[in-house]
Structure formats: C-alpha cells, structure tokens
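Colleague: I'd like to go over a predicted model; first the sequence, then the structure.
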Amino acid sequence: MTRSHFKFSFGKVLFVNRCLLFIWMSAISSLWINRSYAQGCCSVGASSIGGVESGVQKFQTLSFGINYQFNSVTHAYQETDRIEDPLRRTASVGYFNIHAEYGFQPRLSLYALLYVSDKTREITVRNVAGGFIETAKFSASGIGDLTLLAKYEIVAPSIISPFELAVGTGASLPTGSFTKEQNNAELSIDLQPGTGATTLIAWAFAMRSFPAQGIRLFANVMYRYSGTNFNSYRLGDEFLSTLGSEYSFYEHYGVSLMLRSRFAAQDYSNRRTLNATGGTYHDLMPALSYFDGPSEFRIFYQLPIYRNVRGIQLTLAYLLGVEYSYAFDFSSPE
C-alpha cells in the first residue's frame, strides 16, 4: 500500500467515524430530550384571555372570540436560577384559539374552547470533543383538545351590590393528536397538539366593580386533574390562578393588569415520575383594549416574574397576543 493510499484510507475512515459519532450523539440527545425533558419545554398553556377569566354569560347572549398567542420559550431555569441551557434549546409555540360562550339559562352558561397549535423546538448537538456542531429541529402542528366548561352564577351583580361570584365544572376532551412522528420517531408529548387524555376541570370566579370610577377587580382559580393517555403518560395536575384589575377610560378604552400563577405537579410515565417537569410559575400580563358596543379588540403581553422548577426546564420568555370578540344578543325585544 502506498503512502498516499494509506492517507486516503485513513481520512476516509476518520470521516466515517465522525459521521457515526454524530449520528449516535444525535440519537442519544434526541432520546434524552424526549424523555428527561418531556414536559419542560413547549407546554406553556393555551387558555383564552376572554373565557375562563370572565364571569357567566348573560341569558340568551352568545359571546364569540378568536385570538392568537405567540410564546417565545427560551429561558432555561434550574430551580429558581436562570441558567444557560446545556443543550442550547430554544422553542416557540403559537396558539390560534376559538372560544364561545352562550347563556342558556339566567344564571347558567356553557363555555367552549378549541385551539390550533404550532410548536417548534431546536437543540444543538455536538460531539465529545466540542466540535461538529449541528442544530436539530423538531416541530408539530394541529388541532388541540376541546375544553367545555359549565358556569353557574351563585351571586349576581346588581346596582346596589356590584359583586359577582360564579363556579363551574367541565373537562378537556382528547380531540387532538398525541402520536405525531418525525423521522419515524414519535415526538415528545409537549410537542404534540393534543394530550390524548381527558382532563377534569373545577373553576371559580369572583368580581367586584366600581362603576363610578370605571374600575373592575377580579380573580379566578382553576384546578385541572389529568387522566392517563394510551401511551401511559399522565400530565401533572395543575392549579391556575389569576388576580387582575381593569380600568376603563375615554368611553371606548380600557387597560388591565393580571398576575397569573401556575402550580404544576410532576408528569408520570412508565411507572415513574419525570424529574424535569412541574414547578411554580408567576407571570404578569398587561393588556390594552378597545370596545365599541358588542365588539372588543384587545392586545396583551405576558412576561415572567418568578420561576421555581424541578430539574432543568425551558420556560416562557414572553407571550404576545391579540384578540377580537363579539357578543350576539338573541333575546326577544320587550
């Protein structure tokens, strides 16, 4: 064998070895992320700003709204500390929400929410020597789960006492796909449009108005009890709460500020709890709205103020959304 032939063969073997090493690292990294980081990335929620955070719809009135929310998920946390993500992951989640609520009894209404999601996650893969860097991208989109919530007004607001108290119960039904694949491998549950499981919901809402000052104070809480899907995966139960205030001015304008809190338990899969799932998340959401009669347009923004997570998780960096809603009155004129 000549010296030049030996150099060519050695270079060819080295190239093949590097390719095999890259493929192996990619597979291991993908498996690690899809298992260990299964729910700590793209599961930022899809609740509507105009549905669960409002009271019971008036009798024979239909409220219909659409909104779009873009979530940038790029902040990595370990417990309460913001860190540089070991895998340099970034994610983005877009939700297009359609929600409607109809008052079919004087104190009883039914709320429905259906969304379409578009989720993307990118990771950086490198070999043990610190070189041969490449970005791997995972994405999925589709119709999500359907939420149905029955609301009952315990205390109705009046001119003498502008206070409202309502409770509700419902479920999130598994209408969205949870088995989408990429490169012949099933994507992790946080990238799936749906969960594949039924979730039971308990809800409560309270509001106090000050009409002379144009101020409204409100609060709502929601508990979500998750079921197990056919892949034996169970999302952690969640407790969600919102405290907010809204101020109306110049007849058609309003500003609001909400404190959103989410307390999530760990996910469960294959007879074990997953480490990098669950935690406590607090966010601020300011909003500006324009209303004219039965229609309302709103733009809102959400930013994090506190994180305390289990393991290492990617969390929300910011949310930007817009919403339009319209109320149809079907009551007979007196």
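Modeller: The structure has been received and is ready for your questions. No experiment lies behind these values; they were computed from the predicted model shown.

Colleague: Output the lowest mean pLDDT helix or strand found in the chain.
Modeller: Lowest mean confidence among the helices and strands of the chain (mean pLDDT, DSSP states H and E): helix 3-36, at a mean of 41.

Colleague: in whichever helix or strand comes after that helix, what's buried?
Modeller: Counting by DSSP states H and E, the next helix or strand C-terminal to helix 3-36 is strand 61-73. For strand 61-73, the neighbour count (16 or more other C-beta atoms under 10 Å) marks 61-63, 65-67, 69, 71, 73 as buried. In this view, the C-beta of every residue, glycine as well, is placed from N, C-alpha and C.

Colleague: Strand partners (parallel or antiparallel) of strand 61-73?
Modeller: Strand partners for strand 61-73, identified by DSSP bridges, are recorded as strand 90-105 (antiparallel), strand 318-329 (antiparallel).

Colleague: okay, those in a markdown table with mean pLDDT and distance to Ser241 next?
Modeller: Listed next are these as a markdown table, based on pLDDT from 0 to 100; distance: least, C-beta to C-beta, whole Å:
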| stretch | mean pLDDT | distance to Ser241 |
| --- | --- | --- |
| strand 90-105 | 95 | 20 |
| strand 318-329 | 96 | 17 |
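
Colleague: looking at those strands, which is buried most?
Modeller: strand 90-105 (a mean of 19; mean count of other C-beta atoms under 10 Å).

Colleague: Could you tell me how far that one lies from the centre of the chain?
Modeller: 11 Å (C-alpha atoms, centre = their mean, to the nearest Å).

Colleague: For the helix or strand following that strand, which strands pair with it and how are they oriented?
Modeller: Per DSSP H and E, the first helix or strand lying C-terminal to strand 90-105 is strand 108-125. Strand pairing for strand 108-125, using DSSP bridges, gives strand 90-105 (antiparallel), strand 134-143 (antiparallel), strand 146-155 (antiparallel).

Colleague: how about a markdown table for these, with distance to Lys180 added?
Modeller: As requested, the strands paired with strand 108-125 are exported to a markdown table (distance: least, C-beta to C-beta, whole Å):
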| stretch | distance to Lys180 |
| --- | --- |
| strand 90-105 | 15 |
| strand 134-143 | 5 |
| strand 146-155 | 18 |
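
Colleague: of all the ones you listed, which lies closest to Leu303?
Modeller: Leu303 lies closest, by C-beta to C-beta, to one member of the strands paired with strand 108-125: strand 90-105, at 15.6 Å.

Colleague: Now do the helices in the stretch 151-300 of the chain.
Modeller: With DSSP state H, counting those that start in this stretch, there are no helices along the stretch 151-300 of the chain.

Colleague: Please, where are all the strands along it?
Modeller: Ranges of strands in the stretch 151-300 of the chain, per DSSP state E, counting those that start in this stretch, are 163-173, 181-182, 185-186, 199-210, 215-226, 233-234, 238-249, 253-264, 268-269, 272-273, 279-292, 295-315.

Colleague: Which elements pack onto the fourth one?
Modeller: If I follow you right, that is strand 199-210. In terms of contacts (3 or more C-beta pairs under 8 Å, 6 or more residues apart in numbering; DSSP states H and E), strand 199-210 is packed against strand 146-155, strand 163-173, strand 215-226.

Colleague: List the buried residues of the longest one.
Modeller: Of the residues in strand 215-226, those with enough neighbours to count as buried (16+ other C-beta under 10 Å) are 216, 218-224, 226.

Colleague: Can you lay out those as CSV showing distance to Thr273?
Modeller: Shown next, in CSV, are the buried residues of strand 215-226 (distance: C-beta to C-beta, whole Å):
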residue, distance to Thr273
Arg216, 41
Phe218, 35
Ala219, 31
Asn220, 29
Val221, 25
Met222, 23
Tyr223, 19
Arg224, 17
Ser226, 13
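
Colleague: List the contacts of Thr315.
Modeller: 40, 73, 75-77, 281, 304, 307, 309 (C-beta atoms under 8 Å, 6 or more residues apart in numbering).

Colleague: from those residues, which is closest to Ala185?
Modeller: Closest to Ala185, out of all of these and judged by C-beta to C-beta, is Gly40, at 19.1 Å.

Colleague: Alright, I will stop here.
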